[in-house]
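S.K.: Everything below, folded, please.
(one chain, ligands or ions: 1)
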Amino acid sequence: MKHNRTERCQALQAQLPDYLDGEAKDAICRAVEEHLASCDDCRVVVDTLKKTITLYRNAPRADVPADAHERLVRVLHLDEIR
Ligand SMILES: [Zn+2]
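M.R.: Residues are numbered from 1 along each chain as shown. Reported below is the predicted structural model:
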């Protein structure tokens, strides 16, 4: 029996801030990576977030558009990551 993909994706994406921040427990990292190996949708989401975070961290704050900044902070709790 297959799990409902949307449900699994939502559960996974709820873990992403911790996962991307390196704060997630090993078990969560493994679960995320296993899911990513079989789910193109979530892989795209993670790739995009990783690139965005890298850009964001490397750019002086002034170079980040205000709306993008706000969106990132809201989605990823970046104020906690920094
Ligand atoms: Zn997924």
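S.K.: separation between the nearest residue to C39 once chain neighbours are set aside and the ion?
M.R.: Closest residue to C39 apart from its sequence neighbours, by CB to CB, 6 or more residues apart in numbering: C9 at 6.5 Å. The way it works is simple: take the backbone N, C-alpha and C, and place the C-beta from them, glycine included. As judged by CB to the ion, to the nearest Å, C9 and the ion stand 3 Å apart.
S.K.: Same check on Y19?
M.R.: As judged by CB to the ion, Y19 and the ion stand 13 Å apart.
S.K.: my guess is that residue contacts H35, does it?
M.R.: No: counting by CB atoms under 8 Å, Y19 sits too far from H35 to count as a contact (10.4 Å).
S.K.: Now do stretch 45-55, average pLDDT.
M.R.: Stretch 45-55 comes out with an average pLDDT of 88.
S.K.: Look up which helix or strand the spatially most central residue of the chain falls in, please.
M.R.: Nearest to the mean C-alpha position of the chain, by CA atoms, centre = their mean, lies L16 at 3.9 Å. If you go by DSSP states H and E, L16 is part of helix 5-21.
S.K.: Could you identify the helix or strand that succeeds that helix?
M.R.: Proceeding C-terminally, helix 5-21 gives way to helix 26-38 as the next helix or strand, assigned by DSSP H and E.
S.K.: just checking, next helix/strand downstream of that next one?
M.R.: Reading on from helix 26-38 to the C-terminus, the next helix or strand found by DSSP H and E is helix 40-58.
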